[in-house]
Structures are given as C-alpha cells and as structure tokens.
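Engineer: Got a predicted structure plus its sequence, pasted below:
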Amino acid sequence: MTDNIKREVVCSGIRPTGNLHLGNYFGALRNFVKLQEQYDCYFFVADYHSLTTHPTPGNLYQNARQILVQYLAVGLDPERATIYFQSDLPQTAELYLFFNMNAYLGELERVTSFKDKVRQNPNNVNAGLLTYPTLMAADILIHKATRVPVGKDQEQHLEMTRTYAQRFNSMYGSEVFPLPQAVGSPAGLVKIPALNGSGKMGKSEGEASTIFLTDEPSVIRKKIMKAKSDSGPTEMNQKKPEEIENLFSLLKAVSKLETVEYFDDLYNRCQIRYGDLKKQLAEDMVAFVEPLRQRILEVGADEEGLRRIIDRGKEKARASADRTIAEVRHVIGYRD
C-alpha cells in the first residue's frame, strides 16, 4: 500500500493492572503486531481506566511503564504505530465528558461487565465503573477509529461506542464520528486457559494459574507441574474433561504439532502420563516465554529510549486528538 492512500484507523489499549500474560499475548498483543502493518494504529496504556481500582500514586506510573515496556518487547513498533499513555491525552477526558452528557443511567446499568463488577466488588461501585463504556468510546473515537480489535467480552462495549457516535452525530446534525467495527480475528487468535482447570488465563484467576511474560523458567516449570489434571482416561478415545483439554490447548499454543499429536495419541490409547506431558509443556513454555522475558528486561533498562518513545507517542496522539476535539467543540457550539 502506498503512503498517499489513507489507511483505516485502529485503536485499542490494555489496563496497567500487572504484568501481561500469555492470555494477553495470544488474545491481543500478537494481533496488535500484525495490525500495525495493515492499519494506522493507536495503541495506548489505559491508565485512566486503572483508576477504578484506586492504584496508589507510587504504583500508577510504574504500572503504566511496565505495560509500555512489554508492548515494545512483544513487537509493537513506534515507527509503525502510535504508542502512548492514555493519561497523556486530556482530550480523551474532555470527549468522555461530552459522551457522558448523552449517556443514560438505564443503559449503563444494563452493561454486563458493570453488573459483573458490582457482584465481584459491591463495596467499590464507583462512577468510573458505571461509565466505562463512555470512556472506552472516547478512547476509540478521539482518533476516529474505524476498526477495533475486541474479544467476546468487549463486543457490547463496541456496540455502545457505535451508539454514542451515532447519537452525537444525530444530536448535532454532523457526521463527526464513524461507526467503528470489530477487526476480524486472524486465524492465529487463541484463547489461553487458566492452569486451575477452568476459565481463561488472567489476573482474576490468580498468579498460580497464570503464566506471565516476566516469569522466570523455574517459576513457569513450577506452575505447569501444579496445573490441574485428573486420574487419566478409562476408555479409548474418550472425550477430554475441561482441565485436560486446557493442558492440550496450552500445548497447541507453544509446542510443535508433532508433540501435540504424540500426547493426543497416548491419551486416546489410555497410555498417557500427565507428568510427562507437563514436563514437555513446561520446557516448551519456557522456550517460548524466555526470549520475551529477556527482551522485556532489555527494553526496560533503556530509560532514555523509553522517554523518547513516550514523548513521541504523546505528540502524535495529541495531534490526532486535537483535530477531533476542535471539530467536536465547534459542532456543539463552543467558540473556536
């Protein structure tokens, strides 16, 4: 594609609530790396969103920096994409305010993720959790993104982003915002299960059930060997229970095809030994994660390089956001 052809805009971010893990890598980051080759991409560290869980001032920047370092380590390239901190874009907060003026309590209270958060944390039902969809809409539409890489649990939020864009356009009689669509999932997008036998890998499942990109080899081996399994199959070709299917899913993510087929054959013939499978999985997992861990250490040690990337990302993101906010304020009726 030649440089003078305008590419569609993609926007996405991850909250800085801890180190990134295999679920993040296979569910989002690997896709981000591919998308930056095809689209005009804006990838941000969602440190405004993290305020809903009240991080301490001492942790806020370090957590955000940690995610930025890991973005770069897995292959996000500041030459190909705009990479920035959400909090470096006050224009996002202004657009969030405008969208909140046109968002209604009933529709926000019906959001599935909000109801889940209320059940999980009844003592921390703050306005930021309630209005998460409007802040997400502001994140996307501040750059007039037309494509958004979202998982199944984010589809409702993307639909609400389209609702707020359309509502704003209708209210002010101007086609300011596009109606963004989901980016089609590439064939390589993989759901990574937790090591505890149920659910997907994530911080909510606990550290023991999650492989982080910063885990040292000894930690990975220990976690894999403790992964949940059962007493083994009792019939030829029987269906794998969830915890065993999960082990095979992890094997498929990081091991060679012949390794997966070897253990699958043993399982189908009732000859599998889970200890052997876990040892192989652990070694393959170490071989996969260790280069990423080393790269994270290298990137994180270059403070000067990180500062240049942060400043450049802020400058590029603000240039895009300034154009949008100027147009938004004009159509609302504020003086230029």
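Structural biologist: That came through fine.
Engineer: what's the distance between residue 77 and residue 128?
Structural biologist: Between residue 77 and residue 128 the computed distance is 31 Å (C-beta to C-beta, to the nearest Å). Every C-beta, even on glycine, is put in place using the N, C-alpha and C of the backbone.
Engineer: Equivalent analysis for residue 290, please.
Structural biologist: Using C-beta to C-beta, one gets 37 Å for the distance from residue 290 to residue 128.
Engineer: same thing with residue 275?
Structural biologist: The value you get for residue 275 to residue 128, if C-beta to C-beta is used, is 46 Å.
Engineer: which of those two has more neighbours?
Structural biologist: When residue 275 and residue 128 are compared for neighbours, residue 128 comes out ahead with 16 against 10, by other C-beta atoms under 10 Å.
Engineer: Pretty sure the more buried one sits against residue 52.
Structural biologist: Yes. With contact defined as C-beta atoms under 8 Å, residue 128 reaches residue 52; the gap is 4.2 Å.
Engineer: Return the set of buried residues in the helix or strand where residue 280 lies.
Structural biologist: Using DSSP states H and E, residue 280 sits within helix 274-300. The neighbour-count check on helix 274-300 (16 or more other C-beta atoms under 10 Å) flags 274, 277-278, 280-286, 288-289, 292-293, 295-296, 299-300 as buried.
Engineer: by contact count, what packs against that helix?
Structural biologist: For helix 274-300, the elements it packs on are helix 57-74, helix 217-225, helix 242-254, helix 257-268, helix 303-332, judged by 3 or more C-beta pairs under 8 Å, 6 or more residues apart in numbering; DSSP states H and E.
Engineer: same thing but 10 Å
Structural biologist: Counting by 3 or more C-beta pairs under 10 Å, 6 or more residues apart in numbering; DSSP states H and E, the packing neighbours recorded for helix 274-300 are helix 22-24, helix 57-74, helix 217-225, helix 242-254, helix 257-268, helix 303-332.
Engineer: Tabulate those (CSV), appending mean neighbour count.
Structural biologist: Converted to CSV, the helices and strands packed on helix 274-300 look like this (neighbours: other C-beta atoms under 10 Å):
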stretch, mean neighbour count
helix 22-24, 24
helix 57-74, 19
helix 217-225, 16
helix 242-254, 19
helix 257-268, 14
helix 303-332, 16
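Engineer: out of those, nearest to residue 106?
Structural biologist: Residue 106 lies closest, by C-beta to C-beta, to one member of these: helix 303-332, at 24.0 Å.
Engineer: What mean pLDDT does that closest one get?
Structural biologist: Mean per-residue pLDDT for helix 303-332: 97.
Engineer: quick check: angle from that helix to helix 274-300?
Structural biologist: Relative orientation of helix 303-332 versus helix 274-300 (axes from the mean of the first three to the mean of the last three C-alpha atoms, to 10 degrees): 80 degrees.
Engineer: and helix 303-332, what does it pack onto?
Structural biologist: strand 9-14, strand 40-45, helix 57-74, strand 81-85, helix 90-100, helix 132-141, helix 155-172, helix 274-300.
Engineer: starting at the chain centroid, how far to that helix?
Structural biologist: Counting by C-alpha atoms, centre = their mean, to the nearest Å, helix 303-332 is centred 21 Å from the centre of its parent chain.
Engineer: still on that earlier bit, how far off centre is the helix holding residue 280?
Structural biologist: Relative to the chain's own centre, helix 274-300 is displaced by 21 Å; criterion: C-alpha atoms, centre = their mean.
Engineer: where do the contact lists of residue 128 and residue 52 overlap?
Structural biologist: Counting by C-beta atoms under 10 Å, 6 or more residues apart in numbering, the contacts common to residue 128 and residue 52 are residue 135.
Engineer: shouldn't residue 140 be in contact with residue 157?
Structural biologist: Yes. At 9.3 Å, residue 140 counts as touching residue 157 under the criterion of C-beta atoms under 10 Å.
Engineer: Compare the two (neighbour count), which wins?
Structural biologist: For residue 140 versus residue 157, the count of surrounding residues by other C-beta under 10 Å is larger for residue 140: 31 against 20.
Engineer: any idea how far that one lies from residue 146?
Structural biologist: 9 Å.
Engineer: Need the residues touching each of these two.
Structural biologist: 9-11, 177-178, 180.
Engineer: Neighbours of the closest residue to residue 191 other than its chain neighbours, how many?
Structural biologist: The spatial neighbour of residue 191 that comes closest, neighbours along the chain excluded (C-beta to C-beta, 6 or more residues apart in numbering), is residue 200 at 5.8 Å. Residue 200 sits with 17 neighbouring residues when counted by other C-beta under 10 Å.
Engineer: Bridged to residue 200, which residues?
Structural biologist: residue 193 (DSSP bridges).
Engineer: That one: what's it in contact with?
Structural biologist: Going by C-beta under 10 Å, 6+ apart, residue 200 touches 23, 27, 151-153, 191-194, 210, 246.
Engineer: lowest confidence element among the helices and strands of the chain?
Structural biologist: Least confident helix or strand of the chain, by mean pLDDT, DSSP states H and E, is helix 112-120 with a mean of 88.
Engineer: If you count contacts, what does that helix end up packed against?
Structural biologist: For helix 112-120, the elements it packs on are helix 105-109, helix 127-130, helix 132-141, helix 155-172, judged by 3+ C-beta pairs under 10 Å, 6+ apart.
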